[in-house]
Every structure is written in C-alpha cells, then in structure tokens.
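Novice: for reference, the sequence and a predicted model appear below.
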Amino acid sequence: MAPRPLRTAEDLAEAGLVPPDAVPALRDVSRRYSVALTPHVAALAAREPAVARQYVPDAAELKTAPHELDDPTADAPFSPVKGVVHRYPDRALLKPLLACPVYCRFCFRREAVGPDGGLLSEAELDAALEWFATKPEIREVILTGGDPLMLSPRRLGAMLARLAALPHVETLRIHTRVPVADPARISPALLAALMLEKPLYLCVHANHASEFTPDSFPTLRALHGTGAVLLGQSVLLRGVNDSEEALEALFRAMLRHRVKPYYLHQLDPAPGTARFHVPEEEGLALLRALRGRVTGLAWPSYVREAPAGGGKYPLGMKGFDKAADAGRTPPHGWAHSSVGRAADS
Ligand SMILES: *Cc1c(COP(=O)(O)O)cnc(C)c1O
Ligand code: SF4
C-alpha cells in the first residue's frame with residue numbers, strides 16, 4: 001500500500017516526529033488548525049529540523065499573541081464575489097479551493113485553509129469567472145487558495161483555459177507548494193493543463209534549501225518545460241531560514257532549479273505563529289549581508305502586508321513604510337472604497 005499523508009497527532013507520534021506524551025496537546029491543536037505532511041515531506045522532516053518545524057504542530061499554536069489577527073491580510077473586505085480577492089487595480093486573486101498538500105504552521109490563511117470545504121461549486125466558479133469577464137481592468141489572474149495544483153488536471157485546465165480566453169487577461173499566475181511538497185502530483189496530465197498560449201507565472205513556495213530534493217530537479221524542469229516562468233516565494237521564519245547561510249542556500253537552490261526568488265515575506269501576524277517571528281530589522285540586515293556577495297538573481301523583494309488590508313509593500317525602501325504603517329492609502333494609490341463588501345455579509 002502506498003504511504004498515506006500524516007494528518008493526526010497519533011500519525012506524527014507513530015512516525016517519530018513528536019514524542020508520545022505530546023499527543024493529547026497536539027490533538028487539540030489539530031482540531032483547531034489542519035495538519036498534513038505528505039509522505040515526501042514526512043521523510044524529509046524526519047531528517048531535517050528546518051522542514052519539521054514548518055509542518056509539525058506545536059502546543060504554542062493555541063496561544064494567540066495580542067498583535068495576532070484571524071484574517072491578517074484582511075482578504076474578506078476585498079472580496080466582491082466568493083473566491084475572488086480584488087485589492088489592486090490591475091490584478092485579482094481567484095481561490096478555487098482551500099485544500100493544500102501540507103499545512104504550514106505559520107500560514108496567514110490558517111483560519112481558512114483545510115482539507116474539507118472551500119472548493120468552489122460549479123455555480124460559484126461560474127460566478128467568479130463571470131466577475132473576471134466583466135472587469136477589463138484586470139490584466140492578471142492569480143490562482144491561489146489553498147493550492148490550485150491540488151485540483152484535478154481536468155478542472156484546473158478548464159479553469160485556466162477559460163481565464164486565458166478573456167481578451168483583457170494578459171498573464172496568469174499560480175501560487176503553489178505542490179512542486180516541493182508533493183512532487184508526485186505533477187503528472188503528465190497536470191503538465192498538459194499548464195500549457196497555455198498566454199504567459200503563466202508559477203510561484204513556488206519553499207523556505208529551506210533542503211526542500212529541494214533529487215525529485216525536485218526533474219519536477220521543476222518539467223514545469224519549466226510547459227513554458228511557465230518559475231518564481232520563488234519564501235517566508236522569513238525563526239528556526240528555519242533566519243541566517244545568512246540558510247537564506248543564501250535557499251535562494252541558490254531555487255536558482256539551480258530554474259526558480260527566480262521573487263518575494264521574501266515578513267511573517268503575517270496569524271494566530272499562534274509567534275514562535276516564527278523575526279523582526280524586520282533583522283530581515284533587512286540578512287538581505288544586506290547577501291547583496292553584492294551573492295548573484296543578484298538570488299535577491300528577492302522583502303515584503304510585508306500592511307495592517308487592515310493596506311496591501312503589500314517592500315521593506316527597506318524609502319517612501320513605502322511610513323504611508324502603509326499610518327494606515328493611509330498605500331503608495332500604489334488605489335482607492336479601496338471602490339470595492340464591494342458582498343462576500344463579508
Ligand atoms: C499578494 C497579493 C497579490 C499579488 O501581489 P504582487 O505584488 O503582484 O505579487 C494580489 N492580490 C492580493 C490580494 C494579494 O494579497
Ligand atoms: S501551502 Fe500556502 S496556503 Fe497552504 S498552508 Fe502552506 S502557506 Fe498556507
């Protein structure tokens with residue numbers, strides 16, 4: 001029988017990833033926040049603490065720090081129809097499902113993601129696609145969730161084809177953890193679904209060099225072979241990649257796999273994630289230390305979400321931080337008030 005994903009505190013203890021006496025406390029955590037490690041990730045976590053830390057739950061998750069928020073990026077007020085988040089003038093998110101191959105302990109959508117639910121019905125998907133069809137200002141559709149590569153190739157392919165057929169949609173983007181968390185999912189049918197005439201940017205989430213295994217090279221090479229442009233996104237995490245060496249190794253591993261580091265995210269204040277927090281000044285110092293010594297291709301933008309839905313802005317760039325922190329309209333100059341609040345009612 002093929003190995004199954006680890007989903008419960010008992011599974012984790014059986015795999016030797018947590019001590020047996022931690023099981024009762026972790027059972028409570030797993031009732032609140034989804035847990036999953038694919039067999040691929042479980043094997044990696046068994047030998048690499050920087051991988052285990054990203055996925056193995058911790059009793060501290062049930063303690064919410066005073067600054068932590070349920071919806072730290074404030075998606076809900078920017079959702080004109082179910083499954084769509086429209087915060088910027090030229091692009092919008094489509095969240096076709098909320099399942100992921102693994103559940104990261106620091107996830108900013110941790111209150112929403114999980115294996116059951118969140119899959120848009122056919123009617124809801126039609127309504128979301130209709131919204132995109134009637135918004136000529138949207139030039140980029142960003143599929144996220146959840147993880148869009150968890151969809152069946154048939155469903156994903158049909159969705160991408162419908163979006164790409166909209167004349168005003170110039171580029172598509174998918175944010176995914178599947179290539180490093182469950183490479184076996186990248187089947188010929190899935191690769192075929194990703195082959196589009198219009199440019200597709202595939203943004204791969206990885207936080208530690210060891211997430212790139214011998215399986216990753218053929219997987220990412222095949223994804224690149226679809227014509228997709230491969231980008232990397234990472235979160236700066238205490239105990240995972242909070243050193244110059246770890247970041248350098250991560251970004252160099254991405255480049256060796258044809259993945260261009262795009263974003264390094266400052267951790268969003270999701271509930272129960274305080275153990276991963278690295279202060280901004282420390283993040284800036286780490287990136288400064290890499291600049292010049294390491295190829296410029298390995299240099300991502302270091303970004304943070306402004307509170308209350310102010311949007312993403314780059315850290316360490318004059319002119320951004322103050323406006324966003326003051327809660328004023330961020331420098332991209334878009335009036336948020338034009339967005340409906342339908343989804344939050
Ligand atoms: C992050 C994000 C995007 C994409 O932003 P880029 O800076 O273009 O990568 C789009 N919409 C929402 C709501 C986001 O949070
Ligand atoms: S893969 Fe992304 S959306 Fe899913 S749990 Fe991890 S951070 Fe959250």
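Specialist: Cool, got the structure. Numbering: from 1, shown residues only. Ligands and ions are numbered 1, 2, ... in the order given.
Novice: which residues does the residue of the stretch 201-345 of the chain found nearest ligand 1 contact?
Specialist: Nearest residue of the stretch 201-345 of the chain to ligand 1: residue 312, at 5.0 Å (CB to the nearest ligand atom). C-beta coordinates here come from the backbone N, C-alpha and C atoms, glycine included. Applying CB atoms under 8 Å, 6 or more residues apart in numbering, we find residue 312 in contact with 303-306.
Novice: if you set the cut-off to 6 Å instead, what comes out?
Specialist: Residue 312 sits next to 303, 305 when contact means CB atoms under 6 Å, 6 or more residues apart in numbering.
Novice: now do the SS call for it.
Specialist: Secondary structure, DSSP: H, G, I helix; E, B strand; the rest coil: residue 312 is strand.
Novice: do you know how far it is from residue 304?
Specialist: Using CB to CB, to the nearest Å, one obtains 7 Å as the distance from residue 312 to residue 304.
Novice: per-residue pLDDT, the closest residue to ligand 2 within the stretch 151-300 of the chain?
Specialist: Closest residue of the stretch 151-300 of the chain to ligand 2, CB to the nearest ligand atom: residue 177 (3.8 Å). In this prediction, residue 177 carries a pLDDT score of 98.
Novice: same check on residue 306?
Specialist: Residue 306 carries a pLDDT value of 87.
Novice: now do residue 270
Specialist: 94.
Novice: next: residue 77.
Specialist: For residue 77, pLDDT reads 85.
Novice: and for it, the neighbour number?
Specialist: By other CB atoms under 10 Å, the residues close to residue 77 number 16.
Novice: if we can go back for a sec, the residue of the stretch 151-300 of the chain closest to ligand 2 contacts residue 205, doesn't it?
Specialist: Yes: contact status for residue 177 versus residue 205: in contact at 4.6 Å, counting by CB atoms under 6 Å.
Novice: what about the two, which has more around it?
Specialist: Legend: neighbour count by other CB under 10 Å for residue 177 and residue 205, higher for residue 177 (25 against 22).
Novice: now do the contacts for the more buried one.
Specialist: Counting by CB under 6 Å, 6+ apart, residue 177 has contacts 101, 147, 205.
Novice: now residue 291: phi and psi?
Specialist: phi -60, psi 130 (degrees, to the nearest 10).
Novice: tell me the spacing between it and residue 221.
Specialist: Going from residue 291 to residue 221 by CB to CB gives 29 Å.
Novice: kindly report the same for residue 315.
Specialist: To residue 221, residue 315 is 32 Å away according to CB to CB.
Novice: what about those two, which has more around it?
Specialist: A side-by-side neighbour count of residue 315 and residue 221, using other CB under 10 Å, places residue 315 first with 19 against 12.
Novice: so that one touches residue 302, yeah?
Specialist: Yes: between residue 315 and residue 302 there is a contact under CB under 6 Å: 4.6 Å.
Novice: and the strands in the stretch 1-150 of the chain?
Specialist: 84-88, 91-94, 140-143 (DSSP state E, counting those that start in this stretch).
Novice: right, and those strands - which one's nearest ligand 1?
Specialist: Comparing these by CB to the nearest ligand atom, strand 84-88 comes nearest, at 3.8 Å.
Novice: check which residues of that closest one are buried.
Specialist: Neighbour-count burial for strand 84-88, counted by 16 or more other CB atoms under 10 Å, picks out 84-88.
Novice: which of the residues you listed are close to ligand 1?
Specialist: Restricting these to those near ligand 1 by CB under 6 Å from any ligand atom leaves 85, 87-88.
Novice: export those to CSV and tack on distance to ligand 2 and pLDDT?
Specialist: Formatted as CSV, those follow (distance: CB to the nearest ligand atom, whole Å; pLDDT from 0 to 100):
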residue, distance to ligand 2, pLDDT
85, 13, 96
87, 17, 94
88, 19, 94
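Novice: what's the closest of those to residue 266?
Specialist: Ranked by distance to residue 266 (CB to CB), these are led by residue 87 at 17.3 Å.
Novice: need the helices for the stretch 1-150 of the chain, in chain order.
Specialist: Applying DSSP state H, counting those that start in this stretch to the stretch 1-150 of the chain gives helices spanning 9-14, 23-32, 39-47, 49-55, 122-133.
Novice: residues contacting stretch 16-30, please?
Specialist: Outside stretch 16-30, the residues within contact range by CB under 6 Å, 6+ apart are 9, 12-13, 45, 56-57, 59, 61.
Novice: show me which of those residues are buried.
Specialist: Applying 16+ other CB under 10 Å to those flags 9, 12-13, 45, 56-57, 61 as buried.
Novice: stretch 214-222: which residues count as buried?
Specialist: Per 16+ other CB under 10 Å, stretch 214-222 contains these buried residues: 216, 219-220, 222.
Novice: and of those, the nearest to residue 196?
Specialist: residue 222 (15.5 Å).
Novice: return the residues in contact with the closest one.
Specialist: residue 191.
Novice: how far away is residue 85 from residue 101?
Specialist: Taken as CB to CB, the span from residue 85 to residue 101 is 21 Å.
Novice: follow-up on the earlier one: which of the buried residues of stretch 214-222 fall within strands?
Specialist: Among the buried residues of stretch 214-222, DSSP state E puts none in strands.
Novice: in helices only, show me those residues.
Specialist: Under the assignment DSSP state H, the buried residues of stretch 214-222 contribute 216, 219-220, 222 to helices.
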